[in-house]
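Asks: what's the 3D shape of this:
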Amino acid sequence: MSLLMIGTGAGYLFTSLYIQRKLDVMSASALPAMQKLNSIRSNVWALWEIRENDVDSVREFRELEQEILDYRNLSSHEDSVELSLKLRSGILDLHESFDVSNYAGFVSGANGINQLISRAMEGETSILLTKGREVNGVVDYANSLNMAFVAVALLFCLLPGWWLATNISKALGSASRAADRIAAGDLTERLNDKGEDEISELANAFNRMVETIRQADEEISREVQDRVRAEKRAQIAAQAKSDFLAHMSHEFRTPLNGILGYSQLLSMDKGLSDKNREVVLSLRRSGESLLELINDVLDLTKIEAQKMNVQKIRFYLGDFLDSLVESYSEQIRRKGLSFNVHLDENLPEDILADDIRLRQILVNLLGNAIKFTDKGSVGLEVTPLEGGIRFSVMDSGIGIAPEFHSAVMQPFNQIEHRDRKNQGTGLGLPISNRLLEMMGTHLNIKSDIGEGTTLWFDLPQPDVKHRKLVHVPNKITGYRGKARKILIGEEGLGTATMMMPLLQKVGFEALHLRTPDTFLEKCEFFQPDVVLLDLYFSDADGVEVMRELEKIYDRNPESQMPGVFMFSDHRDPLDRERCLKSGADSFLGVPIRFSDLLIALREELDLVWEESSSDDNKESSGEPEPAMASDEENIPGTKYLEGLLIIARSGNIRELNKKITEVKTVCAESIPFLERLEAMCGQYRINAIQKELESLLGSSSSEPDASSKEIT
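Replies: Numbering: from 1, shown residues only. Okay, the predicted model is just below:
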């Protein structure tokens, strides 16, 4: 019996020693490894506090790398090597992209490291749980063995053996159940560790392990909550900035609308003296510069908030480029520079792109070229490529050193030159490059100090059509065909006051209505061809007013819905996208450029503009007089010429081309003359064609067309 009792006690002792050794191993490996991971997490989040001190930052990054190596040496988890390598890679990436002004980027990098640490914590926790289960297995084995000894001992001493086995089994069973509850997530579970025996020591070690796991879990929860609160504060701050900029944009645009509108109206006044005309042009250029600055700041905000969208439409490339060249020709001339414009003859007639964003990009590039060029030339070159079109802007200005090429693509980053400090905001090139990235391309730069600068980008065009480029007249004084009506819906007098005199000068009938109810009521009676509708029309939403207008026209199948041009002062960054998605035919930002409005009207109404026939227009446009038929050309018969003249007076280019083709089939000897007329049609020189036909037919055929809308 004594031997049995000694054997039972020895088995209990050796079991306790084995379990104690297992727990010591756990304390010597997994627990220190977890402590290292907690230290790494705390030091990573502390980096932001010392971001201004480069020396402390470098030292902290080195200490973090050493702690990762310590963790790898301490941990016995099978993924510890891989995780330590990923942690080190994350620390290196965070170090390389460490930017004191980019808190969002720092939070993103730190979150990635925090996730790796959480994975490592899970691995160490799994080791602790595995070891715990091993202890449970040993406990179960020891329990079975002890039960066998107890069974034998009961034969000799029932009560002492039963009492000993019951206490051991109860203690070990409690440990097993506690381990299972902890594995299920209950970290409040504890064992009774009061006493001085081996079971109490085992319970004490078990409780220390659970406490370490609980502290790690609380630390992770705290970090997650702090990150969520920081992200929420950042979102609130970003929204407040967007709201402030949108409000200030509205406040700036209201007086700016009057400045640009009246300057456009005054520039069309033929009674102005040369001196006053220069003052008006200077006023207009200053207003447009301020407008571009406002647009740049708003665009940068929308890009940072990822609210900038690209809306592709098909538009005439010739109209677009002519308007751009005309906008800058006078400014370049006044600075004493030459303007070298090369538009390849194989450029397509129209392209698919966001015309507003494309114009904004080219305006930024040309503006920079003029600003940093004191002598020489500024150039614009547009050429077709395989699957796209290349736009290049060149200048012979001061140039940019190669080491600063990447720096000028960053917002508010300007390269200082002698005598050229603080010119502009440093937003033009960064915004242009980001817009181009949204269009599937990027901005390229070639420049060096004293050698000028060339900036170019290749705009993707999967359906490039190699047709002749379409040009519009340099000075519009009217249009062919019947009079067209424009209805303007705006509560105030800003846009309507500016646009109505300009539209009337070109021959449109314009009417302004100031309330949505009156607008809808009188639209049917006025029968406009196009409506200009304010997105913020009184207390109503312009999109809803447009939908009510569509319902009115749907009830009357005989009437045709007019084209809808919506405009706004960009109170919301998504105004343009919302208007176009709702079905508007075009969107115009306030202040409205009259040239942009005329381009939109031409595309919507298929208009043919009339040029000024005065001598001063010839000087401004630089277009030569139409070439008259030579003696070597055979002229078709009178009836064919009269037929061509009738169509030419109607201004219908398509019908005129068809008629020329018909005449070719019956007047083969006149093909050279007819081909020359076709070329003039391709250039939309309808006035020149009409004059030549009238000259060939004699004075009896040269009566003016009553439908012409030329305004002088």
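
Asks: which SS class is Phe567?
Replies: Three-state call for Phe567 (DSSP: H, G, I helix; E, B strand; the rest coil): strand.

Asks: tally of neighbours for the closest residue to it other than its chain neighbours?
Replies: Take Phe567 and drop its neighbours on the chain: the residue closest to it by Cβ to Cβ, 6 or more residues apart in numbering is Leu588, 4.3 Å away. Bear in mind the C-beta positions are built from the backbone N, C-alpha and C, glycine included. Neighbour count of Leu588, defined by other Cβ atoms under 10 Å: 21.

Asks: tell me which strands the one helix or strand Leu588 maps to pairs with, and in which orientation.
Replies: Per DSSP states H and E, Leu588 falls inside strand 586-589. Sheet pairing of strand 586-589 (DSSP bridges) gives strand 563-568 (parallel).

Asks: in the protein, which spans are strands?
Replies: Using DSSP state E, the strands assigned to the chain run over residues 313-316, 338-343, 350-353, 377-385, 388-395, 444-447, 453-460, 476-479, 485-489, 509-513, 530-534, 563-568, 586-589, 609-611.

Asks: give me the mean pLDDT for the fifth one.
Replies: On average, the pLDDT along strand 388-395 is 93.

Asks: how far away from the center of its chain is it?
Replies: Going by Cα atoms, centre = their mean, to the nearest Å, the spacing between the C-alpha centre of strand 388-395 and its chain's C-alpha centre is 22 Å.

Asks: what is it packed up against?
Replies: helix 355-371, strand 377-385, strand 453-460 (3 or more Cβ pairs under 8 Å, 6 or more residues apart in numbering; DSSP states H and E).

Asks: most packed of the strands of the chain?
Replies: strand 530-534 (a mean of 25; mean count of other Cβ atoms under 10 Å).

Asks: my guess is Thr495 contacts Ile592. True?
Replies: Yes. Between Thr495 and Ile592 there is a contact under Cβ atoms under 8 Å: 6.1 Å.

Asks: what residues are shared contacts of those two?
Replies: Counting by Cβ atoms under 8 Å, 6 or more residues apart in numbering, the shared contacts of Thr495 and Ile592 are 261, 567.

Asks: before we move on, the earlier item: using CSV, list the CA coordinates for the strand holding Leu588.
Replies: This file holds the C-alpha atoms of strand 586-589, laid out as CSV (Å, rounded to 0.1, in the frame of the first residue of the first chain):
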residue,chain,number,x,y,z
SER,A,586,-24.4,70.7,-72.5
PHE,A,587,-23.1,72.3,-69.3
LEU,A,588,-21.5,75.7,-68.9
GLY,A,589,-19.8,77.1,-65.9
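
Asks: which other residues reach it?
Replies: Taking Cβ under 8 Å, 6+ apart as the rule, strand 586-589 contacts 295, 356, 532, 563-570, 575-576, 579-580, 596-597, 600, 604.

Asks: tell me how many other residues crowd Lys482.
Replies: Neighbour count of Lys482, defined by other Cβ under 10 Å: 9.

Asks: need the phi and psi values for it.
Replies: Dihedral pair for Lys482: phi -70, psi 160, per degrees, to the nearest 10.

Asks: ok, it to Glu201 distance?
Replies: Going from Lys482 to Glu201 by Cβ to Cβ, to the nearest Å gives 104 Å.

Asks: and Arg654, by the same measure?
Replies: Arg654 is 100 Å from Glu201, by Cβ to Cβ.

Asks: with neighbour numbers in mind, choose between those two.
Replies: Shown here are Arg654 and Glu201; by other Cβ under 10 Å, Glu201 has more neighbours (16 against 10).

Asks: and the more buried one, what's its pLDDT?
Replies: On the pLDDT scale, Glu201 is placed at 73.

Asks: give me the pLDDT value at Thr454.
Replies: We note a pLDDT of 93 for Thr454 in this prediction.

Asks: which residues does it contact?
Replies: 392-395, 445-447.

Asks: how much space is there between it and Leu385?
Replies: Distance of Thr454 to Leu385, computed by Cβ to Cβ: 16 Å.

Asks: ditto for Gly489
Replies: For Gly489, the distance to Leu385 equals 43 Å [Cβ to Cβ].

Asks: repeat that for Pro348.
Replies: Distance, Pro348 to Leu385, using Cβ to Cβ: 11 Å.

Asks: next: Asp322.
Replies: Distance from Asp322 to Leu385, by Cβ to Cβ: 21 Å.

Asks: what's the single longest helix in the protein?
Replies: Scanning the chain for the helix with the most residues, using DSSP state H, yields helix 103-183.

Asks: what is that one packed up against?
Replies: Using 3+ Cβ pairs under 8 Å, 6+ apart, helix 103-183 sits against helix 2-28, helix 30-46, helix 80-96, helix 198-267.

Asks: and the longest one with helix 30-46, angle?
Replies: What separates the directions of helix 198-267 and helix 30-46 is an angle of 20 degrees, with axes from the mean of the first three to the mean of the last three Cα atoms, to 10 degrees.

Asks: quick check, pLDDT for the closest residue to Asn364 other than its chain neighbours.
Replies: Distance criterion Cβ to Cβ, 6+ apart; nearest residue to Asn364, sequence neighbours excluded, is Gly428 at 3.7 Å. pLDDT recorded at Gly428 is 71.

Asks: in this structure Gly428 contacts Gly367, no?
Replies: Yes. Using Cβ under 8 Å, Gly428 is in contact with Gly367, at 6.6 Å.

Asks: who's more crowded, the two?
Replies: Gly428 (21 against 18).

Asks: for the more buried one, give its distance to Arg222.
Replies: For Gly428, the distance to Arg222 - Cβ to Cβ - is 44 Å.

Asks: then Lys270?
Replies: Taken as Cβ to Cβ, the span from Lys270 to Arg222 is 75 Å.

Asks: the nearest residue in space to Asn340 that is not next to it in sequence pairs with what?
Replies: Of all residues not flanking Asn340 in the chain, Gly379 sits nearest, at 3.9 Å (Cβ to Cβ, 6+ apart). On the basis of DSSP bridges, Gly379 is bridged to Asn340, Met394.

Asks: Gly379 contacts Val393, correct?
Replies: Yes. Look at Gly379 against Val393 with Cβ under 8 Å: they come within range, at 7.0 Å.
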